[in-house]
Structures are given as structure tokens and as C-alpha cells.
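sequence below, structure please.
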Amino acid sequence: MSHSVDKNTNSTSGPLATGRALRLQAYGGPEFLTVDSVSAPERGPGEVLVSVKAAAVNGIDWKIREGHLRERFKLVLPATLGIEIAGVVLRTGPGVTNVRPGDRVLEALGGVGAYADHIVIDAGKLVHTPEALTDVQAAAIPVASMTAWHVIQAAGFDLSGRRVLIQGAAGGVGGFAVQFAKAAGAFVYATASTTSLQHVRALGADEVIDYRNQTLGHLTGQIDFVVDTVGGKALDQCWPVLSPDGLLLSIAAPDVVSRAPEGRRGVFLSNKPDTLRLAAIVQQVAAGSLQSTVGEVVALDDLPAAIERSRTGHAPGKIVADFTR
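Numbering: from 1, shown residues only. Next comes the predicted model:
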């Protein structure tokens, strides 16, 4: 086995050692996630080898772990999970001109593999991390912000003066969705747990509903656009609040169209890459005009438990693994 690598090096030559990776051994509970020693991947043309400094937890992690997304992610087990990273460029492949060794970068992968010390990424997907952001802060931005951005754009109509309901507004996607909807001129209703109400109000929501102690009955027939980040019973409770021409868009329920009652419109949306838009959003977060919330920071070894907390409930914002811990 080759010598261990200093993750802070920006060397462009010489052997790379093995590194750590959080890998799924079999579908099921947290016990099937283990931290293994793996070989560093080789970069090819147009690709970059990144030393991962931080990676954020997403709801999709536990859904993949439990086998709910086998058709979407046809994994060969054991497989490394994780879908967004922040880190430092170690080496560049032939034809790469937009980044160089030593550059701090972030990105949503469009697949899995983020929970590893080293990862190879298409250079064209990378966004430079502003000096004002730490790697932990940067890792929390890509998936949540871009999903929320596409959700708001997918409304398909001007939200100015419209009534928007965001289910799960204390989460990463929900928090950005509140801010984007407000920026579009909407009157924003948002649901959150009791302990997260103040946080969601601070993001700009006009009315925050405690889903543990309140219902949506007072909104019946009044909402033009529902953003569902929760799925399950929370989604089903939203159909009555839609106005006659209202739209419900879910990122949590792929079967939302078939679940829509007669006369109601439901759409499922998944994230799409948009490097230029992500770069602009990252600059807004760095400047303070957009808020990105990190609710908890854990070490790589603590990721199995953190992923389970993302399934059962956690503090507002994102859970991020700091690989330097």
C-alpha cells in the first residue's frame, strides 16, 4: 500500500494513497454504511481530482440506503454515497482550463460519490468557492439552492402577488425556496416544526404554520402554488388548499401525478445542473444577500447516524460532514 496522502497538498504528480469513503454495503438501515479504505480514483480528459473537505447530507442519502431509489441509481454495491461536495483541486486532467491545483471548489455531483476523501469530477461542473465561505458553508449550498431555484422557476407563471405555500420550509431546499419566492414577489406561507418557526420567519416567510399544532384549514382554496419538500401525509394535506388553477410541485413524491385528486395539478421535479446559476447563487450567499443555514457539523465517521437523523428530523438547515475533523 502506498503512503498516506496529506489532504492539504496540491501536488500534481506522484502517487496518491488510499483514502476513506462511506460506502453502502447492502440496502437497509444505518448499520449497512461503513467507512472503508479505498484507492484514489484516476482522472481522465476534462476531469479533476478533488480533495474533499466537506460534504452535505441530503434526504436522498437515506432513500438510497433503504433501496427506495434502486431504479434511479443502479448501484453496484458497495457504493459510496453523497451528492454534493466542497474541496480543493489536487490534479487536473488533459484539456482542463477553468480550474487548477489549489483552487477551492464546490459542486452538486449529479450522482453519488461525495462521501470520500478523493473524487473525480467533470471540470465543467465546478464552481469556485468564494474566500468568504468556509468549505463547510460551501458544501451546504449546491443541491438545496439549485433544487429550490428550479422549483420556483417551474411554477410557470409570475409569482408576484400570488400565494405560495412551502411545506418543510426549515430544510435546506425549503429555506432557499422561501427566499426565492419572496424575491419573486409572492406572499409566502410556510410550514415548520415548533422549534423552527423563528428561523423560517427570519428567512422572510409571511406566515409560518406549526405543522405539529396547526392545520392548513384556513388556507382552503387560496394557494396558487404549493412546494412540497416532505411527501407522505404532508403532501396529501395540501390538495384542498389549492386554488382552482393552483399547482402542487413535489420534490419528495415521484408519484405525485397519480396521487392528485381529480381536477388538481401535481408535478414532480428533480434537480438539474446549471453551473452559471449556481455560481451566481454562491456569490449571493457569500455577500449575505441569500442565507444558507448549516444546522449541524459532523465528522465522516458520524455520517451514518447523521443520515438517519435527516430521515427522522433534525435542526433547521443542512447537516454537513467536515472531513478535516
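
would you map out the domains in this protein?
18-140+293-322, 144-268 (automatic domain parsing).

what average pLDDT does the first one get?
Throughout domain 18-140+293-322, pLDDT has a mean value of 95.

likewise stretch 269-281?
On average, stretch 269-281 scores 91.

thought residue 242 was touching residue 220?
No. Under the criterion of CB atoms under 8 Å, residue 242 is not in contact with residue 220, lying 9.1 Å apart. Using the backbone N, CA and C atoms, a C-beta is placed for each residue, glycine as well.

ok, the two, which is more surrounded?
residue 242 (25 against 12; other CB atoms under 10 Å).

tell me the pLDDT at that one?
At residue 242, pLDDT is 97.

show me what it is bridged to.
residue 223 (DSSP bridges).

what's near enough to touch it?
Contacts for residue 242 (CB atoms under 8 Å, 6 or more residues apart in numbering) come out as 221, 223, 224, 226, 248, 264, 265.

how much space separates the first one from residue 48?
Which is residue 221. 51 Å (CB to CB, to the nearest Å).

neighbour-wise, which of those two wins?
residue 48 (27 against 10).

can you pull out the helices in the stretch 151-300 of the chain?
With DSSP state H, counting those that start in this stretch, the ranges of helices along the stretch 151-300 of the chain come out as 172-183, 197-202, 232-236, 256-259, 275-287.

any chance of those helices in JSON lines, plus distance to residue 61?
Output for those, formatted as JSON lines (distance: least, CB to CB, whole Å):
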{"stretch": "helix 172-183", "distance to residue 61": "12"}
{"stretch": "helix 197-202", "distance to residue 61": "22"}
{"stretch": "helix 232-236", "distance to residue 61": "18"}
{"stretch": "helix 256-259", "distance to residue 61": "21"}
{"stretch": "helix 275-287", "distance to residue 61": "20"}
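
for those helices, which one ends up most surrounded?
Comparing the helices of the stretch 151-300 of the chain by mean neighbour count (mean count of other CB atoms under 10 Å), helix 172-183 comes out on top with a mean of 26.

how many neighbours does residue 27 have?
By the criterion of other CB under 10 Å, residue 27 has 14 neighbours.

contacting residues for it?
Applying CB under 8 Å, 6+ apart, we find residue 27 in contact with 65, 66, 67, 70, 77.

in strands, which of these fall?
Among the contacts of residue 27, no residue falls in strands (DSSP state E).

identify the farthest-apart pair in the residues you listed.
66 and 77 (13.3 Å; CB to CB).

who has more neighbours out of the two?
Higher neighbour count among residue 66 and residue 77: residue 66, with 14 against 10, using other CB under 10 Å.

how close does the more buried one get to residue 97?
Relative to residue 97, and taking CB to CB, residue 66 is found at 41 Å.

can you give me the strands for the stretch 51-200 of the chain?
Secondary structure of the stretch 51-200 of the chain (DSSP state E, counting those that start in this stretch): strands located at 79-80, 84-92, 104-108, 118-122, 127-128, 163-167, 187-192.

now tabulate those in JSON lines and tack on mean neighbour count and distance to residue 26.
Below are the strands of the stretch 51-200 of the chain laid out as JSON lines (neighbours: other CB atoms under 10 Å; distance: least, CB to CB, whole Å):
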{"stretch": "strand 79-80", "mean neighbour count": "16", "distance to residue 26": "10"}
{"stretch": "strand 84-92", "mean neighbour count": "25", "distance to residue 26": "24"}
{"stretch": "strand 104-108", "mean neighbour count": "26", "distance to residue 26": "26"}
{"stretch": "strand 118-122", "mean neighbour count": "22", "distance to residue 26": "23"}
{"stretch": "strand 127-128", "mean neighbour count": "20", "distance to residue 26": "34"}
{"stretch": "strand 163-167", "mean neighbour count": "27", "distance to residue 26": "32"}
{"stretch": "strand 187-192", "mean neighbour count": "26", "distance to residue 26": "35"}
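
export these to CSV and tack on distance to residue 42?
Conversion of those to CSV gives the following (distance: least, CB to CB, whole Å):
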stretch, distance to residue 42
strand 79-80, 15
strand 84-92, 9
strand 104-108, 19
strand 118-122, 7
strand 127-128, 23
strand 163-167, 43
strand 187-192, 45
